[in-house]
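Structure for the following, please:
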Amino acid sequence: MYKFYYETLKPKYGDRLKLLFTDTDSLCCVIETKDLYRDMEEDIDFYDTSNFDPTHPLYSKSNQRFLGKIKSETGSILPLKFVGLKAKMYSLLYESGGQKKVKEIKKNFVKTHVRHENFLHVLQNPTTVTTAKFRHFESKNHVVRTMEINKSCLSAFDDKRYILDDGVHTLAYGHESIARFHAPLDCTARTEEETSQCMDVE
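This next block holds a predicted model:
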C-alpha cells in the first residue's frame, strides 16, 4: 500500500495529491485531475475494478481478489465529501449513500443516529463533544443483563497527530515542520521581566 502511494501516486500527481487518512489496509486521498478514470486506465494493472458497475469501461474481473491490487471502496461511484476527525472516526459521503465509522460505538447506533453533518459540525467546532447512549447485553457470572452505556461519540481532539492552527490539517509527531510552529525560546535581548519568565519556563 505504501509502495503504491509513494512510487505510483506521488510521482504521478505531486502536489495535486493529498492523503486524508490511512487505515490498516486502506488509504483515502484527494486527487486533482481532469479524468481519474483515464488515469486509472493508464495503470490498470494496479487496480481491482471487479466492484465497478458492469457497464463501466474499466469494469474487469481479471484482478478480482488478487493480493496487492488496489480496490475502490465505493466502486465506480466517486466520493463527494469526507470528514475525518481522528483515527477510526470518519464519514465518507457519496451519491448512493456513505460510510461512517466511530470507534467503540455500536454500528447500529452510528447508522441510526450519527449523520455526516454531525462530523462536519464537530470539525468546525473543535470544543464540541457528542455523546452516545445505547443498550447492550452483558454476561457476568452466568447472569445475562441489559446495560445502558453512555460514551463520548464524536470529538475533534486527535491525540495521535499534531493539529495545526487551522484545526483541520495535521502532522505526524516528529515531523520536521513542527519545529517551525514551536521554535525554542530565545532568552537573549529581553527585559529582566521577560528573561525571568523565560528562565521559569525552562
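
Do a quick rundown of the helices in this structure.
Taking DSSP state H as the criterion, the chain carries its helices at 2-4, 10-13, 36-42, 107-113, 116-124, 178-181, 192-201.

For Asn141, find the nearest of these.
helix 107-113 (26.9 Å; Cβ to Cβ). The way it works is simple: take the backbone N, C-alpha and C, and place the C-beta from them, glycine included.

Does anything pack onto that closest one? Which helices or strands?
Applying 3 or more Cβ pairs under 8 Å, 6 or more residues apart in numbering; DSSP states H and E, one finds that helix 107-113 contacts strand 97-102, strand 129-140.

Find the residue ranges of the chain scoring beneath the pLDDT cut-off.
181-202 (pLDDT under 70).

again, 80 this time
Applying pLDDT under 80 to the chain flags residues 180-202.

export stretch 97-108 as PDB, just CAs?
Output in PDB follows, covering the C-alpha atoms of stretch 97-108 (Å, rounded to 0.1, in the frame of the first residue of the first chain):
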ATOM      1  CA  GLY A  97     -25.000   6.500   0.400                       C
ATOM      2  CA  GLY A  98     -22.000   6.700   2.600                       C
ATOM      3  CA  GLN A  99     -19.700   5.100   5.100                       C
ATOM      4  CA  LYS A 100     -19.400   6.200   8.800                       C
ATOM      5  CA  LYS A 101     -17.100   4.800  11.400                       C
ATOM      6  CA  VAL A 102     -16.800   5.700  15.100                       C
ATOM      7  CA  LYS A 103     -14.500   3.500  17.100                       C
ATOM      8  CA  GLU A 104     -16.100   1.800  20.200                       C
ATOM      9  CA  ILE A 105     -19.600   2.900  19.300                       C
ATOM     10  CA  LYS A 106     -22.100   0.300  18.200                       C
ATOM     11  CA  LYS A 107     -22.600   0.200  14.500                       C
ATOM     12  CA  ASN A 108     -26.300   0.300  14.800                       C
END
